[in-house]
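Asks: Just the structure for this:
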Amino acid sequence: MTLSRPPTPLTDLDPGGVPSAGGPCGFTSRVLYVEDDAVNAMLMQGILELRSGSQLLVARTGAEALRLAAAGGIDLVLCDLRLPDISGEALLPALRAAGLPKAVPAVLVTAESEFVASQLARRYGYDGHWTKPLDVAATLRSLEVWLAPVQSCRAEPGPA
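Replies: Reported below is the predicted structural model:
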């Protein structure tokens, strides 16, 4: 896989935190990936580039993720289990408290075994889990499922 561009750095965002998507449903789905490892972030960027209409925002710390969640406009959260400033266990409730709606799905992304990842995701309140190393095809299929409500919103006809 060739990766052509880095994830959108937080410093390139407008002062509101998240670029405007325009329209009631937006033009792109926004995926927040909370991941401190640059290689994993680049891999996810490459995967998202295979799916049209998705923008990846990478937060390298829990603090950056909280800032993005407070700004709104996130359609899916992908969260690493081990971050430098907060655990994946503590991050999801903090994101919800910062304004991330409960309707926004959150997926735990971890190098733990499938069994352990499943248990942790359920215990910590995540809607699902992915295990590293990621299978690109399976990740794309899963993204389609998680982002289907966003896509269906865009497909609805507007007022005439």
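Asks: can you map out the strands along this structure?
Replies: With DSSP state E as the criterion, the chain has strands at 29-34, 54-59, 76-80, 106-110, 128-131.
Asks: Generate TSV for the ones you listed, with mean pLDDT and mean neighbour count as supplementary columns.
Replies: Glycine gets a C-beta too; all of them are placed from N, C-alpha and C. As requested, these are exported to TSV (pLDDT from 0 to 100; neighbours: other C-beta atoms under 10 Å):
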stretch	mean pLDDT	mean neighbour count
strand 29-34	97	26
strand 54-59	96	23
strand 76-80	98	25
strand 106-110	97	24
strand 128-131	97	19
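Asks: May I have the top helix by length along the chain exported as CSV, CA atoms only?
Replies: Longest helix of the chain, by residue count under DSSP state H: helix 136-155. Output in CSV follows, covering the C-alpha atoms of helix 136-155 (Å, rounded to 0.1, in the frame of the first residue of the first chain):
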residue,chain,number,x,y,z
VAL,A,136,-7.6,-3.9,5.2
ALA,A,137,-10.6,-5.6,3.5
ALA,A,138,-12.3,-6.4,6.8
THR,A,139,-11.7,-2.9,8.1
LEU,A,140,-13.3,-1.4,5.0
ARG,A,141,-16.3,-3.6,5.3
SER,A,142,-16.7,-2.6,9.0
LEU,A,143,-16.3,1.1,8.1
GLU,A,144,-19.2,0.6,5.7
VAL,A,145,-21.4,-0.8,8.5
TRP,A,146,-20.4,1.9,11.0
LEU,A,147,-20.8,4.8,8.6
ALA,A,148,-24.0,3.6,6.8
PRO,A,149,-26.2,5.9,8.9
VAL,A,150,-24.1,8.9,7.8
GLN,A,151,-24.3,7.8,4.1
SER,A,152,-28.1,7.2,4.3
CYS,A,153,-28.5,10.7,5.7
ARG,A,154,-26.7,12.1,2.7
ALA,A,155,-28.7,10.0,0.3
